[in-house]
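Participant: need a structure here:
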Amino acid sequence: MVTSLPNLLTLSRIVVIPLVIAAFYIPGDTARWVACGLFVAAAITDFFDGYLARAWGETSNLGRFLDPIADKLLVAAVLLMLAAFQHIGEWSYLPAAVILMREILVSGLREFLAELRVSMPVSKLAKWKTTIQMIALPVLLVGDAGTRLLNLPIREIGEVCLWVAAVLTLITGWDYLRAGLKHMREHPAPPPNLAIQAKAAEADTRKNAGAGQG
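Facilitator: Numbering: from 1, shown residues only. As a prediction, this is how the structure comes out:
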């Protein structure tokens, strides 16, 4: 059900995206902290929606569909806005691009393997990648506002975490691709639309036979 709490938590991550984006257009340090708080709250829901769905037996196809999409939309939106507003250095565009490309690669790979009825579980290293990534992004959202408040190189800390996440992204992306290619070789896709074509030919035969009788 859409109204179940796990699904509502997942949907909240999508709803928060325009709010985080809007914070970039509001001047002042308060907006930076608000964006950080919204992202952290969304990241927390990422844990609880899956946990509650399993604990309460409320797993659903909608939840399985929305959960990874919500995560990727949120991460992609934040990375693009950080780059657009130059809240990260030019060299940090590289790890941002790596992370975005990996998300597209894994999404496409999962979709293809789903047609072969092959699942691709998340590895422990991928979970570490996600954890570090979820630390880097809110730190970068705060950026210089955090430096002024805490007297720490917040932006530099966030960029280092982003680079670490990108390195893990390359490793896990290659692992997923290698596993996916292995499944592709072991489970070759059937010729497309043969069953559909056979049914269509059978229907045409019956139609023609009926027309001849009339």
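
Participant: Going along the chain, name the helices of this structure.
Facilitator: In the chain, the helices defined using DSSP state H lie at 5-24, 29-55, 61-84, 93-115, 124-142, 144-150, 154-186, 194-213.

Participant: measure the residue nearest the centre of the chain to L66 for me?
Facilitator: Taking Cα atoms, centre = their mean, the centroid of the chain lies closest to K72, which sits 2.4 Å from it. Remark: distance between K72 and L66 (Cβ to Cβ, to the nearest Å) = 11 Å. Where you see a C-beta, it was placed from the backbone N, CA and C, and this is true even at glycine.

Participant: and if you look at V139?
Facilitator: As for V139, its distance to L66 is 26 Å (criterion: Cβ to Cβ).

Participant: Same question for I154.
Facilitator: Distance from I154 to L66, counting by Cβ to Cβ: 32 Å.

Participant: Repeat that for D46.
Facilitator: Applying Cβ to Cβ, the value for D46 to L66 is 11 Å.

Participant: cool, G28 as well?
Facilitator: When distances are taken as Cβ to Cβ, G28 and L66 turn out to be 33 Å apart.

Participant: Equivalent analysis for N151, please.
Facilitator: N151 is 40 Å from L66, by Cβ to Cβ.

Participant: ok, the two, which is more surrounded?
Facilitator: When neighbours are counted by other Cβ atoms under 10 Å, N151 and L66 differ, and L66 comes out ahead with 20 against 8.

Participant: ok, the residue nearest to the centre of the chain - contacts?
Facilitator: Neighbour list for K72: E103, S107 [criterion: Cβ atoms under 8 Å, 6 or more residues apart in numbering].

Participant: run the last query once more with 6 Å
Facilitator: Under the criterion of Cβ atoms under 6 Å, 6 or more residues apart in numbering, the neighbours of K72 are E103.

Participant: ditto for V78
Facilitator: Applying Cβ under 6 Å, 6+ apart, we find V78 in contact with L137.

Participant: Repeat that for W163.
Facilitator: Contacts of W163 by Cβ under 6 Å, 6+ apart are P95.

Participant: one more time with 8 Å
Facilitator: Neighbour list for W163: S92, P95 [criterion: Cβ under 8 Å, 6+ apart].

Participant: From P95, how far out is it?
Facilitator: Relative to P95, W163 is positioned 5 Å away (criterion: Cβ to Cβ).

Participant: Kindly report the same for T169.
Facilitator: From T169 to P95 the distance is 8 Å (Cβ to Cβ).

Participant: how many neighbours does the nearest residue to D46 once chain neighbours are set aside have?
Facilitator: Distances taken as Cβ to Cβ, 6 or more residues apart in numbering put D71 closest to D46, at 6.2 Å, once the chain neighbours are dropped. Counted with other Cβ under 10 Å, the burial measure for D71 works out to 20 neighbours.

Participant: Quick one, grab the pLDDT at D71.
Facilitator: Reported pLDDT at D71 in the predicted model: 87.

Participant: Many thanks, we can stop here.
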